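In: Generate coordinates for the sequence data below:
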Amino acid sequence: MKLRNEKQMKKKFFFDHIYKAGGSSIERAFLEWLGEAQMSPGLVEPATDALMRYADKILVTGHFSFSPNQWFDPERYALTMLRHPVDRIVSHYYFAKRDVGLRGGDVSVELAKSLSFEEYVHNDVPEIRNHLENFQVRHYFPLVWDGSKDLSQDEQFELAKQALHRYDLVGVFEEFEDFLIVLAIEAGWLPLEQIPRVNVTSKRPRLVDVDSNILRHLEELNQLDIALYEHALGLFQSKRSEVLMRCGVTLSDRTFNEIAHTRNELPHYSPSPCVTKPKPADYGNRQVELLQANLRGEISLGAEVLSGEMVCLRVDFRVHQPAENVALGIVISDHDGRKIFGTNSKALGKIIQISEIGDYYGEFRFRCDVGYGRYRVAAALHPADDLTGKMYHWRDEITYFSVEGNMGYFWEGVANLYPTLQCGSLVALSRQSLSLLDASENWPRTQSLAIHTQPLTDFSATIHLLGKIEQMEPNEILALEVEVCNNSTQTWGATGLRAVRVSYHWLDNFGQILVFDGERTQLSHSVQSNERMRLWATVKAPSIPGNYVLALTLVQENVAWFDQMGCAAQTVHICVR
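Out: Next comes the predicted model:
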């Protein structure tokens, strides 16, 4: 069903989908209202990343996770639906057991297929406990948690209740039909003639047919979730009454469905108040604190790496209090916020034990088979087996790196998949009608990746300004022709980590340095011993008028300045007017 006018088509929505709480059916309803082109796919990722990647879609939907103090996009109508926790767990188990194929690494699904329901609900495997114990409270409370301290379960519950008030519409599974009608009236759409039912769990028992001891055990595990569900039910009932009042009728007059379908002018919702865009997440109790991180390529020797080279991502952290069973994790995302890789020490089969306070590091080494572009890295330190949301420290954008080149043959895209190719005929032919010829016969079989110039030991050189300059404007940038001569026995490398470049200092008339790191000018090629080179060097004037001394010199990056190693700079007196 199409929207009724252009104004309504500009409305945007954010649907936070709880597992086994009717979310697939709600997405199907949106599909009929909006059409597939206006919706994101069903996502499983942090909400911030999803909203960034699918900002142009009317609906962003999925199983989301939240950072502390996560704000919704103020232009989106935020909605979610809860389900009674015991009923949700029964549905989740039988759905995993009978309706879902094997998923590599999804322990909760794989064990559901091999365990009886009683064995499942008494299992202590963390991935199962995550679904069994107050799952919905733990999902919502980070929305209003500042991440500064560990929380008791009661504190998590209170924050989860507050979090529900950030949604424009909170529903409960047991009021599913009325939920869709409220949504339609709020958005200004006609309610659907037929309520969709998607991903329904097959062959699950009714609750009355489940062992009462198992049900009591699940109720004991989910006291907070049950209370949160009752709170959500109250929120929905209040919202439904508000919508009825706006329609000017009561349920005693006719059914809610009749009201929605016979209403001529349906009211429209108002977007939530504008809020500040969230900053990169940085939270935790800091018992173990992230300090810094850097990524270094083994060929590039820096954070501008080649696709295909081995890299080392080092994370430094400080232990303020001894900690057991610590997991160190990383997440790498691309420029669009799309998560391209994440792992942690536990997933790699290791748990970190720290018995003394001090500074430590962890290093992840991997082949960087990703495409050209800029990437950001998040890091996390947390208890390896904790399911309560406890976090020692999480930092988004702790470091960055970029992929600037490629090792080997050309390819494009997000990741290198290293394909091979075979071709043949679909039917048997009497003669060979297809051949694969070698297109790369004349291609170069070597590729220069980098030149690792060694630190110079001889800084003998001369540098001459070929023209005259006496005056500059404040902040003026000039190109000055200079000639440099390599008077040493060593080659000056023009590229790489230790490149030699032309630069300068600004001094006052008494010889005091005012600007030490001047603009850099790269050499056009490596300069051999006794070779001369002319080039145009860039110079930027000081911002304040006055009389200055320009000291032209050379620098080997990450090693030394030539004038500090005994090579005289050329000095020029300049008046900045």
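
In: what stretches of the stretch 251-400 of the chain score poorly on pLDDT?
Out: Along the stretch 251-400 of the chain, the model assigns pLDDT under 70 to residues 251-278, 387.

In: Residue ranges in the chain under the pLDDT threshold?
Out: Looking at the chain by pLDDT under 70, you get 1-10, 71, 101-106, 248-278, 387, 428-432, 440-444.

In: show me where it has helices.
Out: Taking DSSP state H as the criterion, the chain carries its helices at 6-9, 23-34, 47-53, 85-98, 107-114, 117-121, 126-132, 135-140, 153-164, 176-187, 212-221, 223-247, 256-262.

In: is it possible to export those to a markdown table including mean neighbour count and distance to F364?
Out: Using the backbone N, CA and C atoms, a C-beta is placed for each residue, glycine as well. Converted to a markdown table, the helices of the chain look like this (neighbours: other C-beta atoms under 10 Å; distance: least, C-beta to C-beta, whole Å):
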| stretch | mean neighbour count | distance to F364 |
| --- | --- | --- |
| helix 6-9 | 12 | 45 |
| helix 23-34 | 20 | 34 |
| helix 47-53 | 21 | 20 |
| helix 85-98 | 22 | 31 |
| helix 107-114 | 16 | 23 |
| helix 117-121 | 17 | 34 |
| helix 126-132 | 17 | 22 |
| helix 135-140 | 24 | 27 |
| helix 153-164 | 18 | 31 |
| helix 176-187 | 21 | 44 |
| helix 212-221 | 14 | 36 |
| helix 223-247 | 18 | 36 |
| helix 256-262 | 16 | 54 |
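
In: Let's have these in CSV, adding distance to R520.
Out: Formatted as CSV, the helices of the chain follow (distance: least, C-beta to C-beta, whole Å):
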stretch, distance to R520
helix 6-9, 51
helix 23-34, 53
helix 47-53, 34
helix 85-98, 59
helix 107-114, 53
helix 117-121, 63
helix 126-132, 52
helix 135-140, 51
helix 153-164, 50
helix 176-187, 56
helix 212-221, 63
helix 223-247, 59
helix 256-262, 68
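
In: Mind naming the longest strand for the protein?
Out: strand 393-406 (DSSP state E).

In: who does that one pair up with?
Out: For strand 393-406, sheet partners with direction are given as strand 282-283 (antiparallel), strand 304-307 (parallel), strand 373-383 (antiparallel), following DSSP bridges.

In: returning to what we had before: kindly state which of the helices of the chain is positioned closest to D458.
Out: D458 lies closest to helix 47-53 among these, at 51.6 Å (C-beta to C-beta).

In: name the helices or strands packed onto that closest one?
Out: strand 12-16, strand 59-65 (3 or more C-beta pairs under 8 Å, 6 or more residues apart in numbering; DSSP states H and E).

In: one more time with 6 Å
Out: Helix 47-53 sits against strand 59-65, with contacts defined as 3 or more C-beta pairs under 6 Å, 6 or more residues apart in numbering; DSSP states H and E.

In: Report the contact partners of E133.
Out: Applying C-beta atoms under 6 Å, 6 or more residues apart in numbering, we find E133 in contact with L221.

In: ditto for V243
Out: V182, I185.

In: 7 Å - rerun?
Out: By C-beta atoms under 7 Å, 6 or more residues apart in numbering, the residues touching V243 are V182, I185, E186.
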